[in-house]
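*Asks:* Sequence first, predicted coordinates after that:
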Amino acid sequence: MGVTLAYETWGEGPRPLVLLHGFTGNRGSFDGLKPLMGRSVSAIAVDLPGHGATPLPERCGRDGFLETVDALVALVDSLGQGPVDLLGYSQGARVALAAAVRAPDRFGRLIMESGSPGLHRRQERAERRESDGQLAAFIRAKGVNAFVERWESLPLFDSLRAMPAERQEKLRAHRQACTVDGLAGALECLGLGVQPDYWSELHRQRLPTLLLTGAKDEKFTQTARRMAAELPVVWRHAFTDCGHAPHLESPEEYVREVLGFLQTPWYEAPQFEAAATGAAPGRVSP
């Protein structure tokens with residue numbers, strides 16, 4: 001039967017846009033964007049497995065990841081809206097790319113924020129599975145609150161501490177709303193170590209793709225540069241004063257980039273590339 005993804009909709013714009021949150025998030029992770037883009041898109045905000053109201057996949061490991069991708073494609077089919085645009089952040093960006101590879105005809109444009117096509121080397125994937133397994137064991141032993149303290153202390157999220165206190169509190173509330181089994185299980189079925197390696201698929205990916213990162217997040221910005229060199233139809237933008245989560249750190253600038261990309265007609269693609277302040281684009285094909 002497979003897992004069924006819970007979701008909610010908001011916005012009254014003409015473009016359907018699927019939103020996929022990151023690890024420890026839920027369908028409300030993009031709520032801060034509602035007043036900024038609700039008139040331009042019709043959002044379908046999804047709970048990924050182990051988060052919010054979506055259960056874990058029936059299978060674990062790589063099979064669980066692929067089950068999630070199939071569930072996303074099934075959700076899009078059930079909407080009956082034709083090709084939809086797809087935006088994913090971090091873990092959600094990896095699922096978004098996998099869905100675009102799996103069923104490119106279901107999607108119009110792809111936006112990946114702080115995402116990766118996976119780990120190329122078998123040894124790297126094995127090491128990541130081991131580290132994710134250790135983190136899952138920590139969550140099961142110590143609980144969600146202890147995990148959130150540990151998670152928020154990672155250097156990856158240093159720039160989030162510059163956000164207004166109210167925004168930080170909402171983010172922590174989303175994280176603390178997770179369950180032990182949900183977080184641990186998500187690591188085991190959606191983690192980078194179990195995800196297939198999609199690097200070899202990038203040159204065949206024909207969806208127009210926008211890669212967004214924070215310039216302070218050097219690791220993912222470098223990954224985006226490598227991806228841009230492989231993707232045939234691609235734009236890339238790094239937000240100057242942001243880290244891993246630009247949609248939280250600079251929502252107004254983030255929405256300008258997203259809507260500019262979604263609303264740009266094909267024949268204007270080179271002009272969009274040239275006008276993207278701070279961008280470092282890859283190849284662009286008409």
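*Replies:* Arrived safely. Numbers count the residues shown, from 1 in each chain.
*Asks:* longest helix in this protein, by residue count?
*Replies:* What stands out as the longest helix in the chain, according to DSSP state H, is helix 122-142.
*Asks:* for the helix or strand that that helix is followed by, which positions count as buried?
*Replies:* Sequence-wise, the next helix or strand downstream of helix 122-142 (DSSP states H and E) is helix 144-152. Residues 144, 147, 148, 151, 152 are the ones in helix 144-152 that count as buried (16 or more other CB atoms under 10 Å). Where C-beta positions appear, they are placed from N, C-alpha and C, glycine not excepted.
*Asks:* again with stretch 60-79
*Replies:* 64, 65, 66, 67, 68, 69, 70, 71, 72, 73, 75, 76.
*Asks:* what helix or strand does the fifth one sit in?
*Replies:* What that stands for is residue 68. helix 61-79.
*Asks:* what's downstream of that helix, the next helix or strand?
*Replies:* strand 84-89.
*Asks:* I'd like to know which elements that following strand is packed against.
*Replies:* strand 15-20, helix 91-102, strand 107-113 (3 or more CB pairs under 8 Å, 6 or more residues apart in numbering; DSSP states H and E).
*Asks:* then the shortest one to CSV, C-alphas only?
*Replies:* It refers to strand 15-20. Extracted in CSV, the C-alpha atoms of strand 15-20 (Å, rounded to 0.1, in the frame of the first residue of the first chain):
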residue,chain,number,x,y,z
ARG,A,15,0.8,28.2,-9.8
PRO,A,16,0.6,25.0,-7.7
LEU,A,17,3.8,24.6,-5.6
VAL,A,18,4.6,21.6,-3.5
LEU,A,19,6.6,22.5,-0.4
LEU,A,20,8.9,19.9,1.3
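*Asks:* Quick check: can you name the pairing partners of that strand and their directions?
*Replies:* strand 41-46 (parallel), strand 84-89 (parallel) (DSSP bridges).
*Asks:* Now tabulate those in TSV and tack on distance to residue 55 and mean pLDDT.
*Replies:* TSV is the format used below for the strands paired with strand 15-20 (distance: least, CB to CB, whole Å; pLDDT from 0 to 100):
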stretch	distance to residue 55	mean pLDDT
strand 41-46	13	98
strand 84-89	20	98
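*Asks:* Just name the most buried of those.
*Replies:* Ranked by mean neighbour count, the strands paired with strand 15-20 are led by strand 84-89 with a mean of 26 (mean count of other CB atoms under 10 Å).
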